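J.: model this:
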Amino acid sequence: MFFSNRLRAGVALALCIAGMATVAHPSMAQNDASSGQAAPQPVLSTNDPRNPYHLTASQQTELRAMNSAAQQQAMSIRDDSTLTNQQKAVKLMHLKASLVTQIKSVLTPAQTEETHKVAQVLEASGAKIKALNLQLEASLTATQKQEAASIKNSAMQQANSIQQSNETIPQKQQQLQQLSASYNQQLTSLLTPSQKAILAQMKAIQQAAPIAARKAIASE
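T.: Have a look, this model is predicted:
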């Protein structure tokens, strides 16, 4: 997929960690690059609009701990040079399944039902994004594909270097986020106005998905 890392990963992540997606909102989880430590995250009240699942303080604490541990395990798997790419993919798949199981054990039946509604909304959004992504790919010229492949290979090499470095996990995550932004900016620069219009539709769907998900919960 041409823009799979940027546009579809957010949907997949939300589906994977369900209730944690709201609590660990990016605006509340900024890392301190100088110290390599994550900034403290506030506990949201059950009536806070940023907490549509109405998670209690205890649930928020447990879910954040689960998510943090899973991120560290995922980074360790990706950094393990003794594993093949296929073995890493299998381990990451098992890690994802384990995280989902842990999260479900913390949620109430009502909250679990809410995550199912959100998943349906996000899956529908993901399908639309995938269709547009395929449309975008089909419109690419041979030259665009060649240049995109070169950009992708360079980004992958840089990502591997970051993952194998001795930096802390938060520092690696920040560097990978910066690399991803640069990578997507370079890809976007290759597009024609009509192709950028397709990309704009993909972005609009992605941005609207969380709002639609919250409406699905509120409509109960």
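J.: the helices in this protein, which residues?
T.: 9-17, 20-23, 57-79, 85-106, 109-139, 142-163, 169-189, 193-218 (DSSP state H).
J.: will you turn these into CSV that also has mean pLDDT and mean neighbour count?
T.: C-betas here are computed from N, CA, C, even on glycine. Converted to CSV, the helices of the chain look like this (pLDDT from 0 to 100; neighbours: other Cβ atoms under 10 Å):
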stretch, mean pLDDT, mean neighbour count
helix 9-17, 39, 18
helix 20-23, 42, 24
helix 57-79, 88, 16
helix 85-106, 90, 14
helix 109-139, 88, 16
helix 142-163, 92, 14
helix 169-189, 89, 16
helix 193-218, 86, 15
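J.: got CSV for those, with distance to residue 43 too?
T.: Shown next, in CSV, are the helices of the chain (distance: least, Cβ to Cβ, whole Å):
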stretch, distance to residue 43
helix 9-17, 18
helix 20-23, 9
helix 57-79, 5
helix 85-106, 15
helix 109-139, 17
helix 142-163, 32
helix 169-189, 21
helix 193-218, 20
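J.: Out of the ones you listed, flag the one nearest residue 51.
T.: Of all those, it is helix 20-23 that lies closest to residue 51, at 6.1 Å by Cβ to Cβ.
J.: quick one: which of the helices of the chain is nearest residue 45?
T.: By Cβ to Cβ (comparing all of those), the closest turns out to be helix 57-79, at 8.5 Å.
J.: What helices and strands are in contact with that closest one?
T.: Counting contacts by 3 or more Cβ pairs under 8 Å, 6 or more residues apart in numbering; DSSP states H and E, helix 57-79 packs against helix 20-23, helix 85-106, helix 142-163, helix 169-189.
J.: go with 10 Å
T.: helix 9-17, helix 20-23, strand 37-38, helix 85-106, helix 142-163, helix 169-189 (3 or more Cβ pairs under 10 Å, 6 or more residues apart in numbering; DSSP states H and E).
J.: Residue 123 is nearest to which of these?
T.: Per Cβ to Cβ, nearest to residue 123 of the helices and strands packed on helix 57-79: helix 9-17, 6.9 Å.
J.: Okay then, goodbye and thanks.
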